[in-house]
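**Q** got a predicted structure here, sequence first:
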Amino acid sequence: MPDNLSQTFAALADPTRRAMLAQLAKGQANVSDLAKPFLKDMSLPAITKHLKVLEKARLISKAREAQRRPCKLNADAFKDVADWMEQYRLLWEERFDRLDAYLKTVTSKKNAKGKRNGRKK
């Protein structure tokens, strides 16, 4: 059984599911409302499968209200992804800081050499 993070990334890998999540980020929506933008390109059963993947990954929750099936975004599920990515953000920030420091030394050496040779920047 895959871990939650793997299920989340697998769910996010599909552009249709990301579009559905973007729509749900604006607020709760019925399954039929989520399906509308995709019905010309895919069947309702295919859309239902996409929603099941999102639900299994805990990115959305689906309720039952009579004939309606309202879906809403589960923002807590994105916390796992954000926490996992945070370590890499810190790594890249450190690397960019080192690159910035290096570029400043190269630039200052170039400027100093240009001034010694009587050149202007």
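**A** It's in.
**Q** lowest-confidence helix or strand of the protein?
**A** When each helix and strand of the chain is scored by mean pLDDT, DSSP states H and E, helix 77-116 comes last, with a mean of 85.
**Q** how near is residue 111 to residue 105?
**A** Counting by C-beta to C-beta, to the nearest Å, the gap between residue 111 and residue 105 amounts to 11 Å. (Glycine included, C-beta is placed from N, CA and C.)
**Q** what about these two, which has more around it?
**A** residue 111 (12 against 9; other C-beta atoms under 10 Å).
**Q** dihedrals phi and psi, the closest residue in space to residue 78 that isn't next to it in sequence?
**A** The spatial neighbour of residue 78 that comes closest, neighbours along the chain excluded (C-beta to C-beta, 6 or more residues apart in numbering), is residue 59 at 7.4 Å. For residue 59, the backbone dihedrals are phi -80, psi -20 (criterion: degrees, to the nearest 10).
**Q** likewise residue 60?
**A** Recorded main-chain torsions at residue 60 are phi -130, psi 160, according to degrees, to the nearest 10.
**Q** pull the contacting residues for it.
**A** With contacts defined as C-beta atoms under 8 Å, 6 or more residues apart in numbering, residue 60 is in contact with 20, 21, 24, 51, 54, 71, 72, 73, 74.
**Q** save those as TSV, and put in neighbour count and distance to residue 80 too.
**A** Listed next are the contacts of residue 60 as TSV, based on neighbours: other C-beta atoms under 10 Å; distance: C-beta to C-beta, whole Å:
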residue	neighbour count	distance to residue 80
20	27	19
21	17	15
24	19	18
51	20	20
54	29	15
71	21	20
72	13	18
73	21	14
74	16	11
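**Q** of the residues you listed, which belong to helices?
**A** With helices identified by DSSP state H, the entries of the contacts of residue 60 that belong to them are 20, 21, 24, 51, 54.
**Q** how about the first one: what's its closest non-neighbour residue?
**A** Leaving aside its sequence neighbours, residue 20 sits nearest to residue 34 (C-beta to C-beta, 6+ apart; 5.3 Å).
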